[in-house]
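Colleague: coords below, sequence missing:
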């Protein structure tokens with residue numbers, strides 16, 4: 001599973017010849033050890049549940065910060081909280097690098113608990129997409145690189161109202177084809193959101209050792225009494 005990522009990291013980042021940045025994603029190192037200790041749910045019927053987690057990996061750290069996990073299945077809420085606390089402290093991560101320099105990124109991963117025909121299995125993969133369509137554990141989702149960029153502002157956006165945008169992330173980590181899915185926003189607010197997204201940098205997604213396009217959903221909210229919009233991001237694949 002994640003052990004195969006070492007080969008990915010060594011092989012696919014020979015991109016300097018094409019003029020692209022030399023990307024090395026953050027990767028989880030000790031997932032097999034921790035997954036072996038996760039208590040498998042004692043439920044009689046078959047199930048297929050995803051617990052999605054994310055956290056910041058700082059440039060000089062090997063563990064997550066501001067880690068969070070969640071599941072849409074209510075019966076797995078308690079287990080999600082336990083994994084959040086446990087994995088957030090114990091997972092070891094190799095920091096991401098751009099052109100040889102360590103950078104802070106947002107790393108997303110999912111834990112799949114599958115019971116089929118009475119047999120249970122737990123796996124971890126580094127993306128929030130569908131475990132089958134996304135490529136399972138051979139697929140690395142795009143990782144947002146944190147750097148100084150202009151925070152979007154809007155004087156006419158409603159406080160606390162989620163504003164949703166979708167975009168594509170190409171093989172070079174560039175954000176393209178931004179679409180604002182909140183029709184009630186003013187044109188100036190939409191333009192600010194789109195500009196903010198296109199200025200952000202991502203380490204591109206990887207499948208079978210090759211950089212591939214991916215999709216992004218970004219949700220913004222107007223913060224407090226400020227005109228600034230705070231954003232969170234979810235990779236579809």
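Modeller: Yep, it's here. Because the structure is predicted, anything quoted here is derived from the model rather than measured.
Colleague: CA atoms for contacts and neighbours, from now on please.
Modeller: Fine.
Colleague: what stretches of this protein score poorly on pLDDT?
Modeller: 1-19, 133-138, 148-153, 155-156, 223-237 (pLDDT under 70).
Colleague: What segments of it are helices?
Modeller: 5-12, 31-35, 77-90, 187-198 (DSSP state H).
Colleague: Enumerate every residue touching the residue sitting furthest away from the middle of the chain.
Modeller: The C-alpha centroid of the chain is most remote from residue 44, which lies 31.9 Å away (CA atoms, centre = their mean). Neighbouring residues of residue 44 by CA atoms under 8 Å, 6 or more residues apart in numbering: residue 118.
Colleague: any idea how far it is from residue 120?
Modeller: 11 Å (CA to CA, to the nearest Å).
Colleague: can you check residue 104 too?
Modeller: 35 Å.
Colleague: Pick out whichever of these two has more residues nearby.
Modeller: Neighbours per residue (other CA atoms under 10 Å) separate residue 104 from residue 120, with residue 104 holding more: 20 against 15.
Colleague: Excluding sequence neighbours, find me the nearest residue to that one.
Modeller: Closest residue to residue 104 apart from its sequence neighbours, by CA to CA, 6 or more residues apart in numbering: residue 58 at 4.2 Å.
Colleague: ok, that neighbour - how many residues close by?
Modeller: Neighbours of residue 58 (other CA under 10 Å): 21.
Colleague: ok, it - contacts?
Modeller: Residue 58 neighbours (CA under 8 Å, 6+ apart): 64-65, 95, 103-105.
Colleague: Can you spell out which residues form a bridge with residue 57?
Modeller: Beta-bridge partners recorded for residue 57 (DSSP bridges): residue 64, residue 105.
Colleague: Report the buried residues of stretch 101-113.
Modeller: For stretch 101-113, the neighbour count (16 or more other CA atoms under 10 Å) marks 102-113 as buried.
Colleague: Can you give me the domain boundaries for this structure?
Modeller: 2-141, 163-235 (automatic domain parsing).
Colleague: Show me which residues of stretch 204-214 are buried.
Modeller: Result for stretch 204-214 [16+ other CA under 10 Å]: buried residues 204-209, 211-214.
Colleague: Can you tell me the closest non-neighbouring residue to the spatially most central residue of the chain?
Modeller: Taking CA atoms, centre = their mean, the centroid of the chain lies closest to residue 108, which sits 3.2 Å from it. Closest residue in space to residue 108, ignoring its immediate chain neighbours: residue 54 at 4.2 Å, by CA to CA, 6+ apart.
Colleague: Just give the number of residues close to that neighbour.
Modeller: Other residues close to residue 54 by other CA under 10 Å number 23.
Colleague: how about it, what does it touch?
Modeller: 67-69, 106-109 are the contacts of residue 54 under CA under 8 Å, 6+ apart.
Colleague: who's the residue lying closest to residue 159 once chain neighbours are set aside bridged to?
Modeller: Of all residues not flanking residue 159 in the chain, residue 222 sits nearest, at 5.0 Å (CA to CA, 6+ apart). Per DSSP bridges, the residues bridged to residue 222 are residue 159, residue 229.
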